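Q: okay, predicted coordinates and the sequence, questions at the end:
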Amino acid sequence: MKTLRRPDATALARHAGWPLLLLAALAAGQVLDDYAVTVAGTILIYAILGLGINIVVGYAGLLDLGFAAFFAIGAYTSGLLMLKLHWGFWATLPVAVLAAAASGVVIGYPTLRLRSDYLAIVTLGFGEIIRITVVNLDVTGGPNGLTGIPPVTVGGREIVTPPDFFYLALAFFAAVLVLTGLLARTRLAYAWRAVRADDRAAEAVGVPTRRVKLLAYVLGAAVGSVAGPLNAAQLGTVDPSSFTFLTSLMILLVVIIGGMGSRPGVVVGAVVVVALPEALRTVQEYRGLFFALLLVLIVLVRPQGVWPARPRRFARPAAAGPEPAPPAAGGGVLEVEGLTRRFGGVTAVEDLSLRAGAGEVVSVIGPNGAGKTTAFNCVTGMIAPDAGTVRVAGRRVHGLAPHRVAAAGLARTFQNIRLFEELTVAENVLVGRFARDRSLLRPPSRADAAAVRRCLEFTGLAEAADRPAGGLPYGDRRRLEIARALAAEPRALLLDEPAAGANPTEKRALMDLIGRVRARGVAVVLIEHDVALVMSVSTRVVVLDRGRAIAAGPPAEIRADDRVIAAYIGVPDDPDAGLQAEVLR
Amino acid sequence: MSDFVQYLVNGLTIGAFLALIALGYSMIYGVVRLINFAHGDVFMIGAFAGFGVLTTLGATGGMALPAVLAAVAAGALATGVLGAGVARAAYLPLLASPRLAMLIAAIGVSLALEEGVKVLTHARFKSYPNALDGGQVMSGAVRVTYGQLALVLLAVALMAGLWLFVTRTVTGTAMRALAMDRDAARLQGIDVERLVLATFFAGSLLAGAAGVMYGLYYTQISFGMGFLIGLRAFTAAVLGGIGNLPGTMAAGVCIGLVQSFSAGYVSSRWTDVIIFGLLIAVLALRPTGLFGERVVERA
């Protein structure tokens, strides 16, 4: 545990890198000739576009192949307002950003349910729709675009010379840089990374994934659109041929070359994408081919980009802070009535009822295929049940989205462990906090940090806090899932086969952990195949067979129940056969 | 009315080409979960390969049909080999990487093919030899040429051949198994890498054949022809339900009709806006396409 931090080279790079770069750029504006300064201005425009697409592709992992559309929307909105309504540049800027953000909603909303690679095609189609539309319409100047856009004035001074424009672009870039820097510190940034790693798991632990994805589109579009008015002001024209699929690819290339999710990488990528073609001007016709091969080569040789992202690590506080008050005891915490789910002709769960009170451990056992996990999925909202009600502390939760069910106080783990592999252990637990607190646009709070610390200590994972979850040994991965679920401070905790693959020592540790969770007044529902474990920790046991509860009661009763034995082992056709005795032995 | 019938005939012809291309997208997506961006450019290469054969043979008049068949066969074979070769060089090494990596590689390959042909042809259009029989099955208000009929029949024959291959042969069955679960298929002794290459070969073959047929029908080809056609065909593959071969064929014909009617009744300038608008609308309402997918999303 680090309490002291030395100002080492990485820390220096982290804190002084950007100011130094901006200073260097300021100096460059003084010494470079007009041509070089113009190229540098274009680099800044691509860097702004890169910072925008980095939010969508780099953070949230949603591939966008039509990002030039937002560039175009920004440029045309600003240009049209200046030409037709004679607005000033600065007045058009917020409108251009808003227009792009609105189109981010339009394109984002219908596509949220799509698998990720369809998304790529839809964004590509959207980019083409925008381009073809501005070429076809008269108001946008058709194929000629807009011409005669007046220059920007800053404090009464017209920005016309290349160095002046370069400084204007630099100011825009710096503003966007600060904005995206602030964004990278928010809870939203962690939510994006969780969604990128596993969006279903993120939804299940309380992240409102649709809103989070939509925000990626909207904020990415808003950030990138700033480049549009800037470009229009630089050239004095808006030319539809600068918003083709190739432009979208160039913008994408900025983040792929640099490294997805990496802001320094965006600058590197923008320099390569803009300056390299300038350097290759003598061999103009081979330019595209060269770029294409570069793209393939980078993916094959260095898929993480030349400046891979080093996301800001979530830092833990020194002290865990006070325990939260345990949830009020008494009454049924989780009440499931008449739950039914069919898949085609198969009834996976039929008329299942289940109650778990505060501090109780209710186990669901049954042969493979009995419908246990389906029941869990219905209870947590991941599958819609065909019939039945689910209440958490008296509140109806059936029919709600999984993240709302989680927010109502129902946390779960998965049978096939679903962690956010690239996030650290502490960050995985932090994402579990979204069920408690859905706010996105602020940094993780003191309460978040305290809860993360507490859950890690509770599960014995504090030492591993800063390691990537993907590198944990199996037993720790199971415990991390439980820690993530506990971060939500749930009323009820659903554990799906937590002891699968565990050795006897790990099973004892798990039993101890379950005991401590219930002691805090949490209702625990357990799916488990290890009958010995179930019998020793459970208050009550429900036995499922072919979707139906065939028995329910205290462990001792269940152990002696003939129907249970029959379901597990089967009834011999010939009662005299020694099969049953043989299997039981 | 006769306009309507003429648009219908043209739409069916274009639809047959689009269906052939869309099938490749669908098959390849099925086995490797990749939107093969370069598929439209493979189609373009096919058109150029066929062009090479036809100009070499100097096909006109009497010997046209054998020459046409030879060109289609040569174009198909060339693109089949090209598709498998590209897959071997650029996609197979990324089989275990995140899916995004392979998609980006495919975008790069697409651009490389396009730019490569652009350099070789000096960015000029090429005029296809007029090898098709200009005689008309129907004349008057609605025109249907023998050439048109031959192309559609050829496309149907190729699709039928694919269908038999996928459903009746061991390799085809293995392909379908691979589309369902790569790991399980590997455990059953299927050589996944070889089969992936076979799928690329078959899919690219159809695209190449479609390329030659397109050249014969429109009589003009260029390095950039694959981009939009590829996008339209991909739209068809998604609308038909990826991995669902009959659905893909039907959707290909649908997109061909949309293209023909929108060009006829609205304006060809808006054709792609209509097609992509349709794509977005359908996916928003039915995320698995019109006819349902036949691929399993891994949990």
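A: It's in.
Q: now the closest residue to chain B within the stretch 401-550 of chain A, what's its secondary structure?
A: Across the stretch 401-550 of chain A, the shortest distance to chain B (C-beta to the nearest C-beta) belongs to residue A:416, at 7.1 Å. Any C-beta I mention is one placed from the backbone N, CA and C, and that applies to glycine too. Put simply, residue A:416 is coil when judged by DSSP: H, G, I helix; E, B strand; the rest coil.
Q: next one: phi and psi at it?
A: Main-chain dihedrals, residue A:416, degrees, to the nearest 10: phi -100, psi 100.
Q: and it, how many neighbours?
A: Neighbour count for residue A:416, taken as other C-beta atoms under 10 Å in any protein chain shown: 9.
Q: what about it, distance to residue B:81?
A: 41 Å (C-beta to C-beta, to the nearest Å).
Q: check what pLDDT residue B:212 gets.
A: At residue B:212, the pLDDT value in this model is 93.
Q: I'd say residue B:81 and residue B:201 touch.
A: Yes - at 7.3 Å, residue B:81 counts as touching residue B:201 under the criterion of C-beta atoms under 8 Å.
Q: these two: which is more packed in?
A: In terms of neighbours (other C-beta under 10 Å), residue B:201 is the more surrounded of residue B:81 and residue B:201; the figures are 18 against 15.
Q: now do the SS call for the more buried one.
A: Following three-state DSSP, the label given to residue B:201 is helix.
Q: for chain A, see how far away it is.
A: 20 Å (C-beta to the nearest C-beta, to the nearest Å).
Q: check contacts around that residue.
A: B:80, B:81, B:83, B:84 (C-beta atoms under 8 Å, 6 or more residues apart in numbering or on different chains).
Q: would you map the helices across the stretch 151-299 of chain B?
A: Secondary structure of the stretch 151-299 of chain B by DSSP state H, counting those that start in this stretch: the helices cover B:170-180, B:182-187, B:192-218, B:225-240, B:245-261, B:271-285.
Q: do you know which of those lies nearest residue B:158?
A: helix B:192-218 (6.0 Å; C-beta to C-beta).
Q: tell me which residues of the closest one come out buried.
A: Neighbour counts over helix B:192-218 (16 or more other C-beta atoms under 10 Å in any protein chain shown) mark B:192, B:195-217 as buried.
Q: stretch B:156-171 now?
A: Buried-residue list, stretch B:156-171, by 16+ other C-beta under 10 Å: B:158, B:159, B:162, B:166.
Q: what does stretch B:115-126 give?
A: For stretch B:115-126, by 16+ other C-beta under 10 Å, it's B:115, B:116, B:117, B:118, B:126.
Q: pLDDT wise, what is residue 260 at?
A: Looking at chain A here, since you left the chain open. Predicted confidence (pLDDT) at residue A:260: the value is 83.
Q: the chain in question should be chain B.
A: Value listed for residue B:260 in the pLDDT field: 92.
Q: among the contacts of residue B:201, who's most crowded?
A: residue B:83 (30 neighbours).
Q: just the pLDDT for that one.
A: 95.
Q: hang on, it packs against residue B:198?
A: No - assessed by C-beta under 8 Å, residue B:83 is found out of contact with residue B:198, at 10.4 Å.
Q: which elements pack onto the helix or strand of chain B with the lowest mean pLDDT?
A: The least trusted helix or strand in chain B, going by mean pLDDT, DSSP states H and E, turns out to be strand B:136-138, with a mean of 74. Applying 3 or more C-beta pairs under 8 Å, 6 or more residues apart in numbering or on different chains; DSSP states H and E, one finds that strand B:136-138 makes contact with strand B:144-145, helix B:146-168.
Q: can I get the ones you listed in a markdown table with mean pLDDT and distance to residue B:102?
A: Listed next are the helices and strands packed on strand B:136-138 as a markdown table, based on pLDDT from 0 to 100; distance: least, C-beta to C-beta, whole Å:
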| stretch | mean pLDDT | distance to residue B:102 |
| --- | --- | --- |
| strand B:144-145 | 82 | 41 |
| helix B:146-168 | 88 | 23 |
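Q: possible to save these as JSON lines with distance to residue A:378?
A: Shown next, in JSON lines, are the helices and strands packed on strand B:136-138 (distance: least, C-beta to C-beta, whole Å):
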{"stretch": "strand B:144-145", "distance to residue A:378": "57"}
{"stretch": "helix B:146-168", "distance to residue A:378": "37"}
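Q: quick one: closest of the ones you listed to residue B:291.
A: Closest among the helices and strands packed on strand B:136-138, using C-beta to C-beta: helix B:146-168, at 15.3 Å.
Q: got a list of what residue A:441 touches?
A: Going by C-beta under 8 Å, 6+ apart, residue A:441 touches A:186, A:187, A:188.
Q: how about 7 Å then?
A: With contact set as C-beta atoms under 7 Å, 6 or more residues apart in numbering or on different chains, residue A:441 has these partners: A:186, A:188.
Q: helices of the stretch 1-150 of chain B, start to end?
A: Counting by DSSP H, counting those that start in this stretch, the helices of the stretch 1-150 of chain B are B:2-32, B:39-57, B:64-86, B:99-120, B:146-168.
Q: burial of residue A:88, as a residue count?
A: Applying other C-beta under 10 Å, we find 12 residues neighbouring residue A:88.
Q: likewise residue A:562?
A: Per other C-beta under 10 Å, the neighbour tally for residue A:562 reads 9.
Q: need the contact list for the closest residue to residue B:50 other than its chain neighbours.
A: Spatial nearest neighbour of residue B:50, chain neighbours left out: residue B:212 (3.2 Å); criterion: C-beta to C-beta, 6 or more residues apart in numbering or on different chains. Going by C-beta under 7 Å, 6+ apart, residue B:212 touches B:46, B:47, B:50, B:71, B:72, B:75.
Q: also residue A:432?
A: Each residue near residue A:432 by C-beta under 7 Å, 6+ apart is listed here: A:205, A:206, A:484, A:485, A:487, A:488.
Q: isn't residue A:304 up against residue A:257?
A: No - using C-beta atoms under 7 Å, residue A:304 makes no contact with residue A:257, being 11.0 Å away.
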